[in-house]
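In: Take this sequence and fold it.
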Amino acid sequence: MIKHSKPTIFEEKKLIKIIDQILRTGQLAEGQYTDLFEKELCKFFGSRYAVAVSSGSAALHLALLSLGVEKNSEVIIPVFCCSSVLNSVLYCGAKPVIVDVNPDEFNLSYEEVKKIYQKKLRQ
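Out: Residues are numbered from 1 along each chain as shown. This next block holds a predicted model:
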């Protein structure tokens, strides 16, 4: 599992070199590096398509829409997260269901999610 506070899979020196190359091109939102990134994502996930967007907020919103989240859908989100997560749910007109996190890595607690759905099933 990737810890919340260390979300990168690249070693730091390699990541800094890549970022430096991208910044020197001046093409931050599109161009050869975006195309390469999308192709690498396809390879990594074994998919035919991948789309890079301009921000994490845009990515979250697009992901929710692609999953069919719509007005009055319920979306589970962790209590410990940035406001973009909550805002993306609200942009879709969905209802956020805020759940506690696992204190060891600060990711969503499976046990807390399980409690919520067991309670819903009893209703």
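In: Only C-alpha atoms from now on, for both contacts and neighbour counts.
Out: Noted.
In: any idea where the helices of this protein begin and end?
Out: Taking DSSP state H, the helices of the chain run over residues 12-25, 32-45, 56-66, 83-91, 110-122.
In: Give the full set of residues in contact with the residue nearest the centre of the chain.
Out: Among the residues of the chain, the one closest to the centroid is residue 60, at 5.6 Å (C-alpha atoms, centre = their mean). By C-alpha atoms under 8 Å, 6 or more residues apart in numbering, residue 60 lies in contact with 84-85, 88.
In: again, but for residue 41
Out: 47, 50 are the contacts of residue 41 under C-alpha under 8 Å, 6+ apart.
In: And for residue 61, the neighbour number?
Out: Neighbour count of residue 61, defined by other C-alpha atoms under 10 Å: 20.
In: The residue nearest to it when sequence neighbours are not counted: what's it in contact with?
Out: In space, and not counting its chain neighbours, residue 61 is closest to residue 88: 4.8 Å by C-alpha to C-alpha, 6 or more residues apart in numbering. Contact analysis of residue 88 by C-alpha under 8 Å, 6+ apart lists 57-58, 60-61, 64.
In: Looking at those residues, which is nearest residue 44?
Out: residue 60 (19.3 Å; C-alpha to C-alpha).
In: And the pLDDT at that closest one?
Out: pLDDT for residue 60: 95.
In: low pLDDT regions in this protein?
Out: Within the chain, the stretches with pLDDT under 70 are 1-10.
In: swap the cut-off to 80 and go again
Out: 1-11, 28-29, 123 (pLDDT under 80).
In: circling back to that earlier point, of all the helices of the chain, which one is nearest residue 100?
Out: Comparing the helices of the chain by C-alpha to C-alpha, helix 110-122 comes nearest, at 6.4 Å.
In: returning to that earlier point: would you mind measuring from the residue nearest to residue 61 to residue 20?
Out: 30 Å (C-alpha to C-alpha, to the nearest Å).
In: Residue 98 and residue 80 touch, don't they?
Out: No - contact criterion C-alpha atoms under 8 Å: residue 98 and residue 80 do not qualify, at 9.2 Å.
In: Return the distance of stretch 58-69 from the chain's centre.
Out: 10 Å (C-alpha atoms, centre = their mean, to the nearest Å).
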